[in-house]
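A.B. asks: Here's my sequence, what's the structure:
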Amino acid sequence: MHNTNIICLGDSFTRGFGVRKKENWISQSYPENTTLINAGINGDTTSGMLARFSRDVIEHRPDYVLITGGINDFIVGSSLDIPKNNYMAMAHQAAAQRITPIIGIAPGFSAGQIRSDWAAFSDFGKVSEKHLLLRLWLHSFASTFDFPVFDFYAGFESFKAQTGQLFQNDLYLDGIHLTASGHKAIAQNVTHMITKLLDKNTN
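C.D. replies: Numbering: from 1, shown residues only. Presented below is the predicted three-dimensional model:
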């Protein structure tokens, strides 16, 4: 059976900021006959991801590329147009090389837990608003071009609602980055989404 290679391109959410390599969601995901490759860089923006897209994705010829970013763009004051343009460019460059793009949407924050120095650096209320607007646009974009979507935001919010407030405090390191438990919750969702996607594409 063919082994499916998926390169996960992104920022600290993908890289696993603050947790050990074996604890990030990529290392904790176990879809059958699938290899996940971590191409996340802490602090990267979608512009940085686009700049390294050829080196980190196209040169490796994966079956899929999972693209997840945008929050760092907003932290440094970017408008919505920049991540929109970069997502579009990366997705179409992948498709032109017969690499299926998967549109990833990052999970949200826990506003009350954000570190004071980071809260002083950026207006996370505005960051969150832009992130939600980007999420809506990404769903529309993916639907228009028939690209699969992995909506980590929806999956993580659903998980938090099911587990209750006390456990939610164990999911974030600092209100933005996830703990090993947070990554495990993401991994369970990823394994399900990849299995569903591959089943659909083989039937």
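A.B. asks: what's around residue 110, how many residues?
C.D. replies: Neighbourhood size, residue 110 [other C-beta atoms under 10 Å]: 18. (Each C-beta comes from the backbone N, C-alpha and C, glycine too.)
A.B. asks: quick one: low-confidence ranges for the chain?
C.D. replies: Low-confidence segments of the chain (pLDDT under 70): 1, 164-169, 203.
A.B. asks: Show me what the strand or helix carrying residue 14 is packed up against.
C.D. replies: Per DSSP states H and E, residue 14 falls inside helix 12-15. When contacts are defined as 3 or more C-beta pairs under 8 Å, 6 or more residues apart in numbering; DSSP states H and E, helix 12-15 sits against strand 34-40.
A.B. asks: name the helices or strands packed onto the strand it packs on?
C.D. replies: Strand 34-40 is packed against strand 4-10, helix 12-15, with contacts defined by 3+ C-beta pairs under 8 Å, 6+ apart.
A.B. asks: Tell me where this protein has helices.
C.D. replies: All helices of the chain, identified by DSSP state H, fall at 12-15, 46-51, 53-56, 71-75, 81-96, 116-121, 124-145, 152-163, 165-168, 180-202.
A.B. asks: nearest to residue 174, of those?
C.D. replies: Nearest of those to residue 174, taken as C-beta to C-beta: helix 116-121 at 7.2 Å.
A.B. asks: show me the contacts for residue 84.
C.D. replies: Neighbouring residues of residue 84 by C-beta atoms under 8 Å, 6 or more residues apart in numbering: 134, 137, 141.
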